[in-house]
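Participant: Predicted model, plus sequence, below.
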Amino acid sequence: MGCPKPFSLKGGMGAALLKEPDRAAAIMTALVQACTKPVTCKIRILPTLEETVALAKQLEATGIQALGLHGRITPQRPREPINEYQYSIMQAVAKELTIPVIANGGSLDFKSYQDLITFRDQCQASSVMVARGAQTNMSIFNPEGWLSQLTVHEWLHHVSIPLSHAFAAAIPLAQ
C-alpha cells in the first residue's frame, strides 16, 4: 500500500488504499486468514500523526506480523528528504505498535552500514527496508565498509550455482 505511481492510484491500488483504511484492513484480514505464512504490510505515512497511527493500529489488528513504514506521504518522491515531522510520525508508530516496524524511505541517502543503523535508530524502528540505495551500493550491508565492485562480483561468482550444476544435482534427487 505504498506505491505512489499514477497507474496504482488510478486503479485504486497501492497508496490509493491509504484513503480507504477499512478496505485496506479487510484486504489484510483476508490475507492473514488465507495464508499459512506470516503476512506483512507496507504503507506510507499519512499527512497527520493521528491518521498514520490510527491506520497502523487498524492494520496491526488484522494479524499482520510486521509493518513496513515509508517515511514520505504519497505525493513525495525519493529526491525529497524525510523531514523532522515525518520522522516524529515514524517514531510514534514504532512506539504505539506491538509488532515490528520496518523503516523505509531513506535509502538514497545511505552511503554506509552506519547510515542504515542511524536511520533505524532515528525512526525508532525494529529494522530497515532498503531498495534503491542497495542497487548501486551493496556495501551498505557490510559493517566493515566499502567493497569494491570487483570484490562483489567475485563473491557473487562464488555463491552462484551455474544452471548446469543445478540440473546435475536435481537428477539424482529425482531418482
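Facilitator: Right, received. Where do you want to start? Numbers count the residues shown, from 1 in each chain.

Participant: Let me know the secondary structure of the nearest residue to Ala24 once chain neighbours are set aside.
Facilitator: Nearest residue to Ala24 in three dimensions, chain neighbours excluded: Leu17, at 4.4 Å (CB to CB, 6 or more residues apart in numbering). C-beta here means a position set from N, CA and C on the backbone, and glycine is covered the same way. Under DSSP: H, G, I helix; E, B strand; the rest coil, Leu17 falls in the helix class.

Participant: what about Leu17, neighbour count?
Facilitator: Residues lying near Leu17 (other CB atoms under 10 Å) number 22.

Participant: you'd agree it is up against Met1?
Facilitator: Yes. Using CB atoms under 8 Å, Leu17 is in contact with Met1, at 4.6 Å.

Participant: what is in contact with those two at once?
Facilitator: Ala24 (CB atoms under 8 Å, 6 or more residues apart in numbering).

Participant: Contact partners for the spatially most central residue of the chain?
Facilitator: In the chain, the centroid-proximal residue (CA atoms, centre = their mean) is Met129; its distance is 4.1 Å. By CB under 8 Å, 6+ apart, the contact set of Met129 is 42, 68, 102-104.

Participant: and which of these is nearest to Thr118?
Facilitator: Using CB to CB, Ala103 comes nearest to Thr118 of the contacts of Met129, at 10.8 Å.

Participant: quick one: low-confidence parts of this structure?
Facilitator: Residues of the chain that meet the criterion pLDDT under 70 lie in 148-153, 155-175.

Participant: any chance you could map the helices in it?
Facilitator: 6-10, 21-34, 49-60, 84-96, 113-123, 132-136, 149-159, 163-174 (DSSP state H).

Participant: out of those helices, nearest to Arg72?
Facilitator: Of all those, helix 84-96 sits nearest to Arg72, with 6.8 Å by CB to CB.

Participant: Can you tell me what sits against that closest one?
Facilitator: Around helix 84-96, the neighbours that count as contacts under CB under 8 Å, 6+ apart are 45, 48-49, 52-53, 56-57, 67, 69, 71-73, 82, 101, 103, 122-126.

Participant: Could you tell me which of these count as buried?
Facilitator: 45, 49, 52-53, 56, 67, 69, 71-73, 82, 101, 103, 122-125 (16 or more other CB atoms under 10 Å).
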